[in-house]
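[1] Fold the stuff below for me.
(one chain, ligands or ions: 2)
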Amino acid sequence: MRPLVVMPTFNEAENIASMLPALRAAVPQANILVVDDSSPDGTAEVVRSLMAKDSAIHLLSRPPKSGLGGAYREGFRWGIEKGYDALIEMDADFSHDPLQLPSLLEAAEAGAGLTIGSRYVEGGSIPKWSWHRTMLSKGGNLYASLLLGLKVRDATAGFRVYTPEALAAIGFEEVKLDGYGFQVEMTDRARQAGVRIVEVPIKFIDREVGESKMSASIVVEALAMVTRRGIRRRLGR
Ligand SMILES: Nc1nc2c(ncn2[C@@H]2O[C@H](COP(=O)(O)OP(=O)(O)OP(=O)(O)O)[C@@H](O)[C@H]2O)c(=O)[nH]1
Ligand SMILES: [Mg+2]
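    Numbering: from 1, shown residues only. Ligands and ions are numbered 1, 2, ... in the order given. A predicted model of the protein is given here:
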């Protein structure tokens, strides 16, 4: 396979400086596209200095803090145009361990259209999260699976591999949400389109460097989307 890691960043200068070499070592066959939203902390400059010595690293610069969903849409479009055949979603904050990427790629190679690095399947594990963060994540997943019948344990997970065929079947250009909402809607559309979904266990590591961009509005947006899609389905539309 010719994989492309699409990695959105906003103020991840310190993380990206060690993430890029770690990724190159763990998955030498993969190229990396950093999608940076004009981070004021100089993330793009760090990427450019590494790009100068390594042609497998690429950078897409966007206006300030334009949202995670849009960063993935633009990154996927870029990768599909360039002919990559595995499009990877991955955070820059080391929550997703580069050393676990090969096991996700194995599932994709074995025929999964969507591979999810899952915290909630056998062998997966959850970080040292506070009880309310764990409740939010598990509760959100439960709500989504009840309303949408997803049959996926970790629908909010952001460590994934898509094939270009799966992305086309999903109609990813139409998914306008950010954060968790983006992940859940992509999963729901994949299931509806008959894409083969496989969950691979991962150990999720809590962010140690830099600041979280998670916000209440991202949670509300996701819950509203799940409710809307769930009700619409029950009404038969
Ligand atoms: N390009 C871009 N990247 C973003 C944006 N918001 C977040 N990111 C990146 O998306 C990834 C996930 O964001 P996080 O802030 O770690 O969100 P989270 O994982 O839900 O929250 P934590 O668990 O607290 O880390 C990181 O690599 C961020 O830098 C954005 O608006 N644009
Ligand atoms: Mg994070």
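[2] from here on, contacts and neighbour counts on C-alpha atoms
    Fine.
[3] residues of stretch 168-177 that come out buried?
    169-170, 172, 175, 177 (16 or more other Cα atoms under 10 Å).
[4] Run through who's touching it.
    69-70, 73, 182, 185-186, 189-190, 193, 195, 221-222 (Cα atoms under 8 Å, 6 or more residues apart in numbering).
[5] Output those in TSV; the columns should cover neighbour count, secondary structure and pLDDT.
    As requested, the contacts of stretch 168-177 are exported to TSV (neighbours: other Cα atoms under 10 Å; DSSP: H, G, I helix; E, B strand; the rest coil; pLDDT from 0 to 100):
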residue	neighbour count	secondary structure	pLDDT
G69	21	helix	96
G70	19	helix	97
R73	18	helix	98
F182	24	helix	97
E185	24	helix	98
M186	22	helix	98
R189	19	helix	98
A190	24	helix	98
A193	14	coil	98
V195	20	coil	98
E221	16	helix	95
A222	24	helix	96
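[6] With distance to D91 added, can I get those residues in a markdown table?
    A markdown table is the format used below for the contacts of stretch 168-177 (distance: Cα to Cα, whole Å):
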| residue | distance to D91 |
| --- | --- |
| G69 | 13 |
| G70 | 14 |
| R73 | 15 |
| F182 | 14 |
| E185 | 18 |
| M186 | 17 |
| R189 | 22 |
| A190 | 21 |
| A193 | 26 |
| V195 | 23 |
| E221 | 20 |
| A222 | 19 |
